[in-house]
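Colleague: Let's see this in three dimensions:
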Amino acid sequence: MDRRGFLAGAALLAACGTDGQAPVAPTASIRAPRRGDGLPGPLDQRILVLVELQGGNDGLNTVIPVSQPAYRRLRPGLAIDPARAIGLDADHALHPALEPLLGAWDAGECAIVESVGYPRPNRSHFRSIEIWEQATASDAYASEGWATRALREHPSPSLRAGADADGIVVGTGAIGPLAGAGVRVVNMRDPRQFLAQSERLRALGAPAEGPEALRHLLRTQNEAAAAAQAVQRKLSGRERFARRFSWDPLARGLAHASDMIADGVRAPVWKVTLSGFDTHADQAQRHERLLGQVAGALATFRAAMREMGRWNDTLVLTYSEFGRRAGENLSRGTDHGTAAPLFAMGGAVEGGLRGTPPDLEALEDGDPRAQVDFRAVYAGAIAGLWDQPSSFLAAQGHASVQLLRRRA
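Modeller: I've put the predicted structure just below:
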């Protein structure tokens, strides 16, 4: 048995009686992250990287509740073998495909927020991702994304001053959290294609009079054109980091983001997407491949940002529209669920576990109950990264989940 298997087995034995059934109090942490000492630099240098896991990531096979016998009972074909899992403590283990994240975890630069969701959950892909990206209640609708509102309402102009764009979306994902008026968003598949297409994007003269809808459209077009041209002027076309990344879509998106940041392109928000997490059938191999892509891409991105001296300024936040059901289905997959964990990474992140583990003996309509509102996580990101404790989310009563270290 290798070290990883030994750690996972130790976690499982520590959490069970001699018959392997009755849970007992957890023992000392197996992989307790050390406390890092990184702090973000000036406000206008700080970067939020949003990683959308499109389709609904299965949280229970991502962060595994190894001390709960119900996990194996609910998932006789999908439960991860504890000999393969990566033990974090007596109650938690990671899917073995996430091993590339252990460098960040051990350094105290990775936080896991458990049981994240929202009240009265919606299991529709389209509606639930809209809720996550607008940061609304399940019965409310908004015309803009949560990052758009946070940027527009930020009390300090230095956050956006001098930026080439407010947000850059790389790859095929939607602008989602950056939707709405008042922000400059650049959406590109990759920098080379963008350079070719941006030649056609030109500012248009706005009429002094006419329908407000037309003038608004022209203003939006001109803001996009100005941001595209600002980004275009800085792009060198040089791939400093791309060869280190793999060729899956998430890795490509983060590779392009790394190269653009190295070119001096400035934007407070970047977004990338990896699709494929809607694992209704034959989940085991598909999910392992997807998690491996996530872990590999994030580990390489961390190395690139550390090389540039920008890792302390960076907060990476994963999200997905929902988790999966606690029990597997007849197709050896899992159906749409609700609560799931998310990951936060960065040189200034306060590493470790946050929130409450899912209780598989107290399911709600087949799902683990949400214990942390996702808007509290967003409020923590806004407060910690952008020094904005009085955000619109805080004003709505969402107490911030602390993600970044506090200055002394």
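
Colleague: Every contact and neighbour count from this point should use C-alpha atoms.
Modeller: Will do.

Colleague: What's the first helix or strand after the helix ranked longest in the chain?
Modeller: Scanning the chain for the longest helix, with DSSP state H as the assignment, gives helix 283-308. Using DSSP states H and E, the helix or strand that directly follows helix 283-308 along the chain is strand 314-319.

Colleague: Check the offset of that next one from the chain's centre.
Modeller: Offset of strand 314-319 from its chain centre (C-alpha atoms, centre = their mean, to the nearest Å): 4 Å.

Colleague: And the strands in the stretch 301-408 of the chain?
Modeller: When assigned using DSSP state E, counting those that start in this stretch, the strands of the stretch 301-408 of the chain occupy the ranges 314-319, 340-345, 352-354, 372-373.

Colleague: Show me what the last one packs onto, helices and strands only.
Modeller: With contacts defined as 3 or more C-alpha pairs under 8 Å, 6 or more residues apart in numbering; DSSP states H and E, strand 372-373 has these neighbours: strand 110-117.

Colleague: tilt between the strand it packs on and strand 340-345?
Modeller: 150 degrees (axes from the mean of the first three to the mean of the last three C-alpha atoms, to 10 degrees).

Colleague: For this structure, just list every one of the helices.
Modeller: With helices called from DSSP H, the chain shows them at 3-14, 69-74, 102-106, 125-134, 146-152, 191-198, 212-234, 249-262, 283-308, 374-386, 392-395.

Colleague: Quick one: closest of those to G55.
Modeller: helix 125-134 (6.9 Å; C-alpha to C-alpha).

Colleague: Distance to S331 and mean neighbour count added to the helices of the chain, as JSON lines?
Modeller: Below are those laid out as JSON lines (distance: least, C-alpha to C-alpha, whole Å; neighbours: other C-alpha atoms under 10 Å):
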{"stretch": "helix 3-14", "distance to S331": "27", "mean neighbour count": "21"}
{"stretch": "helix 69-74", "distance to S331": "14", "mean neighbour count": "17"}
{"stretch": "helix 102-106", "distance to S331": "32", "mean neighbour count": "19"}
{"stretch": "helix 125-134", "distance to S331": "20", "mean neighbour count": "20"}
{"stretch": "helix 146-152", "distance to S331": "36", "mean neighbour count": "22"}
{"stretch": "helix 191-198", "distance to S331": "40", "mean neighbour count": "15"}
{"stretch": "helix 212-234", "distance to S331": "45", "mean neighbour count": "17"}
{"stretch": "helix 249-262", "distance to S331": "27", "mean neighbour count": "24"}
{"stretch": "helix 283-308", "distance to S331": "9", "mean neighbour count": "19"}
{"stretch": "helix 374-386", "distance to S331": "30", "mean neighbour count": "24"}
{"stretch": "helix 392-395", "distance to S331": "40", "mean neighbour count": "18"}
